[in-house]
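Chemist: pasting a predicted model and its sequence here:
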Amino acid sequence: MEEKELQALIEEIWPRLKRKHLYPEIPIPKVGKVSDSFDEENEKDDSAEVRVGLEMKGKQMTLNPLFLSSMKGKMAEDNLVEALLDHGITHYTFCPWDFHTHLMLYAEAKKVMGDKESAKQVANYFIDVIADTHCVKKRATEIPELHRNIKKGNVEAVIASLYQRIWGIDLGVAPSKKGEKGNEEVVRRLARIPYLDRSRWSESIRKFARSLKPLLLLEQKEQEARGGKGESNPQGEHDLNHYSYEEIDEGLRDYAQKTMGLSDFKEVVDDFSKELKEMGYGIEGGMGRGRGAPIDSDVLFYMKLAENYSIPLKKVPIEETGTLHPHSHSPWEIGSPFQDIDIWTSFGKIMPGITQVWKKKEGKGRGKIDGTPDCLIIIDSSGSMINPRKNLSYAVLGAACATNAYLRNDSKVAVYNFSDAPMGGRDVLDYTDKREEVYRVLCRYFGGGTALDLEDIMPLIKGRKELDLFIITDMKITNLETLIGFFGKIQNRVTAVHIGENPYASRFEKAVEKRKNINIFKVKKKEDIPHIVLGSIREYFNPVHKSR
Amino acid sequence: MKNACSKKKTLEPLQQKPEATLNPFEEFRSFQFKREEIPLDQIVQTTEVVMNQIRLGYERLLEEEAKELVWMVQYNTIIKAYEVAEKYIKEIDYSAEDIEDFCFALENTQRIPYLIPGPAGIYISALCNYAKEEEIVLKLSELKTEINLVGFRLPKGKRLMVEGDTGDFTGIGLEGGELEVEGNAKNWTGAGMRSGKIRVKKNIGLHTGEWMMGGEIYVEGRVRGLGNIVEGKVYERDKLVYPGKVRYPNHYY
């Protein structure tokens, strides 16, 4: 069948398929060349059998005409197309559903398998089993017929036996393969997994991996002996191409929040670093697009984690500054921030296509207009603080949240990261609006003694009438009195955050308790971070209120 | 009220005729939603029921034998706990896979209040001893806790293979069964065993074979220390170390 005829066939059955799957937001599938990892790794042999039938990139599904031709005589073309598309659509509508779920499944599989490639393989098999089982249970589909006719390797034969058992449909798995004692045991174990229970997927994939591990290791050995890579999946591979840039961004954010573990996040990001780099990660500009610099998974972790917290920032009257004013509307997209949504024109709904955001334009202010000043973040990275590149540091997370708050309001941020500053243990970043640069300095860890050098800070403050200060430390500073004296002199808004409780923090609190421009917050656990209010001056709203 | 009714009436002519009203869900009128039972549903449901029964038995064992959440390993406490476990297990119809699932459930599920390695090991041993299958494979390599007392009183004709490490008192009181540990076993392995075989793939701890009355222990790694063995054989890397002249009880090698 020619490509044109095939495309016509897809166009004919697509409305029915969309209806069957309750109208997913997916463009009409195309017919065209698909990339086969097997062919890329091994020199392409024209006589070799075509292995991949479906490719998914972004939300675009592409059917391989060569695969369809290779199945000629085994299965009716419209049934074959329908089965492949049913499978593809279910990946979008049920499993993995989103990038976060995909990452979670991969991470769980890796805990059992130990290595990246096997973990990816297990996650792919698991995702396929769920998608096909969901389809067979809930939709009228030709997927069983497809499995009856595609060529199977060792693992695929076991999976087909599993389908026979859990679907109750004969897929014609050869008795010799079916009857093998070891495989029979694997199938029995696999059949007990509650594939359709989403809440148990993390536990289920571990069991799935445990059961399949001996078979996969055996297959790997055989492949190594043959000197090649494994065969491609006829129903398509599941890699990052499956997701859009925004979906990956959101997935990483969710994963960072869910795991709250730097090492877990780092491991997964490092494993997918090649793919992420291809997607444009690792470069400045909202993480940017395009190839280049390596991914700093620590920075990315704090970046994505901080996006889950929003800390309020009080504005101050600023003289003659061009501030941003709501000017016109534009449609809101998934992954875009919520703070600019105009709830009135969005009818109170958060839904792409309906929700609108305010587009802001700079206007000339006359007199005083509420605005956000720039901010100097002073962060302690001495030995008493947690190393942010080894464990989750609330200090860096807090500073990261503050950075986001100022940058979101079009202000600039400078960083003074100190340990034993007079001895050179410091890093200074001048005012910038480049988020990644700020994060890189925040994540730097010296791990030495703790002393501030005011001479480093003065140039950053000098000449700036409107400036906020944000200091985050455990207050175990050798020259704490110098810091207290310095804060006693300045009139800028100061947000001081101390990690944990100790006599030094109490001393600091006591010394500055009468200063109305200084607000102190205590962070003991991550839940305390959203309670920080940046730049809040006591009595800003309630002048009668004396105590904090 | 009257006014409101009369107002409603006057609005009627403005409404569209029923023929012209378009149902936005018209397309779904003939939609047949396929919700059919597949064997998986039945398998998962049955597994869940069995798991609940096993879990309940374990909870009862804890209630009876570890009231203060403290359980001392003594001859009579082990015997008594095993008798209690037997009582509950005999009522359950389970398979070898259920035992493995239970081992992981002990660690992961919130529904099981606590994992006390002693009673948990006794309970798992009882489950293995009363299982229908002659050969049981427990893939426990990912388990974070090493379970004690695995293979307690394993009877003749049963073969238990454990992938991963086991804790103290592995295979004690073995009664003719075959126990294979694809990892390390800790102290007091094979203590009081009467007959049967224990094969440990890696290393074994102190007091190995203490009061052993018969049977064989094969260790493919190192034996840290032997116990006071009455009768039986212990091999270290295919070399007979008991009976032998050179080895003394509980000496480090």
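Modeler: Arrived safely, thanks for sending.
Chemist: below-threshold pLDDT in chain B: ranges please.
Modeler: B:1-20, B:27-35, B:67-71, B:109-114, B:245-253 (pLDDT under 70).
Chemist: wasn't B:Tyr218 part of a strand?
Modeler: Yes: assignment of B:Tyr218 by DSSP: H, G, I helix; E, B strand; the rest coil places it within a strand.
Chemist: what's around it, how many residues?
Modeler: 17 (other C-beta atoms under 10 Å in any protein chain shown). C-beta: built from backbone N, CA, C; applies to glycine.
Chemist: residue boundaries of the strands in the stretch 401-548 of chain A?
Modeler: Taking DSSP state E, counting those that start in this stretch as the criterion, the stretch 401-548 of chain A carries its strands at A:413-418, A:426-432, A:467-473, A:493-499, A:518-523.
Chemist: is it possible to get CSV of these that adds mean pLDDT, mean neighbour count and distance to A:Arg389?
Modeler: As requested, these are arranged in CSV below (pLDDT from 0 to 100; neighbours: other C-beta atoms under 10 Å in any protein chain shown; distance: least, C-beta to C-beta, whole Å):
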stretch, mean pLDDT, mean neighbour count, distance to A:Arg389
strand A:413-418, 94, 25, 13
strand A:426-432, 93, 17, 14
strand A:467-473, 91, 24, 17
strand A:493-499, 87, 24, 17
strand A:518-523, 85, 20, 19
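Chemist: save the ones you listed as a markdown table, and put in distance to chain B too.
Modeler: Below are the strands of the stretch 401-548 of chain A laid out as a markdown table (distance: least, C-beta to the nearest C-beta, whole Å):
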| stretch | distance to chain B |
| --- | --- |
| strand A:413-418 | 37 |
| strand A:426-432 | 39 |
| strand A:467-473 | 35 |
| strand A:493-499 | 30 |
| strand A:518-523 | 29 |
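Chemist: so which of those strands gets nearest A:Thr355?
Modeler: Closest approach to A:Thr355 among the strands of the stretch 401-548 of chain A (C-beta to C-beta): strand A:413-418, 29.0 Å.
Chemist: which elements pack onto the closest one?
Modeler: strand A:374-380, helix A:394-408, strand A:426-432, helix A:435-442, helix A:454-461 (3 or more C-beta pairs under 8 Å, 6 or more residues apart in numbering or on different chains; DSSP states H and E).
Chemist: in its sheet, what does it sit against?
Modeler: Here strand A:413-418 has these sheet partners by DSSP bridges: strand A:374-380 (parallel), strand A:426-432 (antiparallel).
Chemist: which one, of those, ends up nearest to A:Thr133?
Modeler: strand A:374-380 (49.9 Å).
Chemist: so what touches the closest one?
Modeler: A:395-396, A:399, A:402-403, A:406, A:411-419, A:431, A:438, A:442, A:450, A:452, A:457, A:460-461, A:464, A:466-474, A:477, A:534 (C-beta atoms under 8 Å, 6 or more residues apart in numbering or on different chains).
Chemist: follow-up on the earlier one: reformat the strands of the stretch 401-548 of chain A as JSON lines; add distance to B:Val219.
Modeler: Below are those laid out as JSON lines (distance: least, C-beta to C-beta, whole Å):
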{"stretch": "strand A:413-418", "distance to B:Val219": "54"}
{"stretch": "strand A:426-432", "distance to B:Val219": "55"}
{"stretch": "strand A:467-473", "distance to B:Val219": "55"}
{"stretch": "strand A:493-499", "distance to B:Val219": "50"}
{"stretch": "strand A:518-523", "distance to B:Val219": "52"}
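Chemist: interface residues of the stretch 51-200 of chain B facing chain A?
Modeler: Residues of the stretch 51-200 of chain B lying near chain A by C-beta under 8 Å from any C-beta of the partner chain: B:97, B:101, B:104, B:108, B:137, B:139, B:141-142.
Chemist: switch the residues you listed over to JSON lines; also include distance to B:Glu180, secondary structure and neighbour count.
Modeler: Formatted as JSON lines, those follow (distance: C-beta to C-beta, whole Å; DSSP: H, G, I helix; E, B strand; the rest coil; neighbours: other C-beta atoms under 10 Å in any protein chain shown):
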{"residue": "B:Glu97", "distance to B:Glu180": "18", "secondary structure": "helix", "neighbour count": "23"}
{"residue": "B:Asp101", "distance to B:Glu180": "20", "secondary structure": "helix", "neighbour count": "23"}
{"residue": "B:Phe104", "distance to B:Glu180": "20", "secondary structure": "helix", "neighbour count": "18"}
{"residue": "B:Asn108", "distance to B:Glu180": "25", "secondary structure": "helix", "neighbour count": "14"}
{"residue": "B:Val137", "distance to B:Glu180": "9", "secondary structure": "strand", "neighbour count": "19"}
{"residue": "B:Lys139", "distance to B:Glu180": "13", "secondary structure": "strand", "neighbour count": "22"}
{"residue": "B:Ser141", "distance to B:Glu180": "14", "secondary structure": "coil", "neighbour count": "14"}
{"residue": "B:Glu142", "distance to B:Glu180": "18", "secondary structure": "coil", "neighbour count": "15"}
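Chemist: for those, which two are the farthest from each other?
Modeler: B:Asn108 and B:Val137 (19.7 Å).
Chemist: if I pick B:Val241, what's in contact with it?
Modeler: By C-beta under 8 Å, 6+ apart, the neighbours of B:Val241 are B:223, B:226, B:234-235, B:247.
Chemist: since that was my last question, I'll sign off now.
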